[in-house]
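sequence first, predicted model second:
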Amino acid sequence: MTNRAWVTLATNDSYGLGALVVAHSLRRVGSAYPAVVLITPSVTDAMRERLSAVFEVVTVDVLDSQDAAHLALLQRPELGITFTKIHCWNLTQYEKCVFLDADILVVQNCDELFEREELSAAPDVGWPDCFNSGVFVFTPSADTFSRLIKFAQERGSFDGGDQGLLNSFFSDWSSDNNKRLPFLYNVTSAAFYSYLPALKHFGQNLKIIHFIGPAKPWLQHYNFESQSVDAPEHLKGFLQVWWNLFTSQVHNQLD
Ligand code: UDP
Ligand code: MN
């Protein structure tokens with residue numbers, strides 16, 4: 001079915017590298033669906049070209065939340081950019097989409113996610129009554145897009161980023177069990193150290209890994225000689241999968 005697509009976002013070349021790995025991880029698990037990347041004009045032509053080999057590339061404007069106080073509070077001022085994410089609702093050539101952050105890795109085929117309704121997402125480990133906005137199922141709609149913009153203008157975002165905005169807008173998520181995806185669809189890196197026994201017990205069913213926080217996979221030290229990543233033991237396995245994909249599929253094609 002071509003009226004379904006995975007969607008990710010990169011506003012710079014650094015996240016562009018992450019997006020390339022997202023696309024290759026989808027190919028590796030044999031997804032039947034195409035992938036779209038939303039980019040902003042700050043992505044270089046060289047990166048755009050690389051992205052276009054594995055994605056349909058759609059250029060969008062940067063939308064900032066203009067909520068500097070909240071952003072500063074989070075110590076993550078760059079999250080304002082993630083408002084750009086809501087442009088994904090404009091992909092109305094598709095009937096159903098799944099958004100994936102550029103810092104995720106799909107480790108098992110998840111095509112069944114397209115059977116879910118808007119807005120389906122997995123709980124956030126920081127506050128499980130909220131969903132994490134790194135992986136979510138949505139239905140593109142120009143009307144939803146303009147309502148989201150209006151909502152953002154009038155109410156802002158309680159965390160200054162897209163997750164606060166989307167949780168307020170899709171506030172029925174926490175009361176509708178059908179929209180609550182299993183945590184396996186968005187295992188955030190905090191779980192790697194906060195509940196290691198659960199990770200060991202359920203780990204083989206893991207579908208999507210999400211490297212949240214400032215320590216992105218592409219910022220880790222990788223030893224090209226020994227082909228191994230320098231990281232704490234519990235993180236190493238997942239980072240190694242990311243780096244294996246990066247070195248085999250992405251890096252060898254960079255100039
Ligand atoms: N993003 C981007 N440029 C930025 C920051 C974020 O393109 O400067 C996009 C990218 O797709 C990223 C998503 O927005 O995965 C959400 O940001 P991030 O993953 O850094 O947030 P976290 O998951 O760590 O809260
Ligand atoms: Mn993320």
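On my side now, so go ahead. Computed from a predicted structure; not experimentally measured. Ligands and ions are numbered 1, 2, ... in the order given.

which bits of this protein sit near ligand 1?
8-12, 15, 78, 81-82, 101-103, 134, 212-213 (Cβ under 6 Å from any ligand atom). Just so you know, the C-beta spots here come from the backbone N, C-alpha and C atoms, and that holds for glycine as well.

buried subset of these?
8-12, 15, 81-82, 101-103, 134, 212 (16 or more other Cβ atoms under 10 Å).

look up how far Val135 lies from Asp172.
Separation of Asp172 from Val135 (Cβ to Cβ, to the nearest Å): 18 Å.

whoops, Val22 was the one
Going from Val22 to Val135 by Cβ to Cβ gives 11 Å.

what sits in contact with each of these two?
Contact criterion Cβ atoms under 8 Å, 6 or more residues apart in numbering; residues shared by Val22 and Val135: Leu100, Ile104.

how about the residues of the protein near ligand 2?
By Cβ under 5 Å from the ion, the residues of the chain that approach ligand 2 are Asp101, Asp103, Gly134.

burial measure for Trp6, as a count.
Neighbour count of Trp6, defined by other Cβ atoms under 10 Å: 24.

phi first, then psi, for it.
For Trp6, the backbone dihedrals (degrees, to the nearest 10) come out as phi -80, psi 150.

mind listing what it touches?
With Cβ under 8 Å, 6+ apart, Trp6 has these contacts: Val22, Leu26, Ser31, Tyr33, Pro34, Ala35, Val36, Cys97, Val98, Phe99, Leu100.

packing partners of the helix or strand encompassing Ser168?
Here Ser168, judged by DSSP states H and E, is contained in helix 162-169. Counting contacts by 3 or more Cβ pairs under 8 Å, 6 or more residues apart in numbering; DSSP states H and E, helix 162-169 is packed against strand 131-138, helix 142-155.

need the residues of the chain next to ligand 2 in TSV (columns: distance to Leu206).
Formatted as TSV, the residues of the chain next to ligand 2 follow (distance: Cβ to Cβ, whole Å):
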residue	distance to Leu206
Asp101	16
Asp103	16
Gly134	15
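
closest to Gln227 out of the residues you listed?
Using Cβ to Cβ, Asp103 comes nearest to Gln227 of these, at 21.5 Å.
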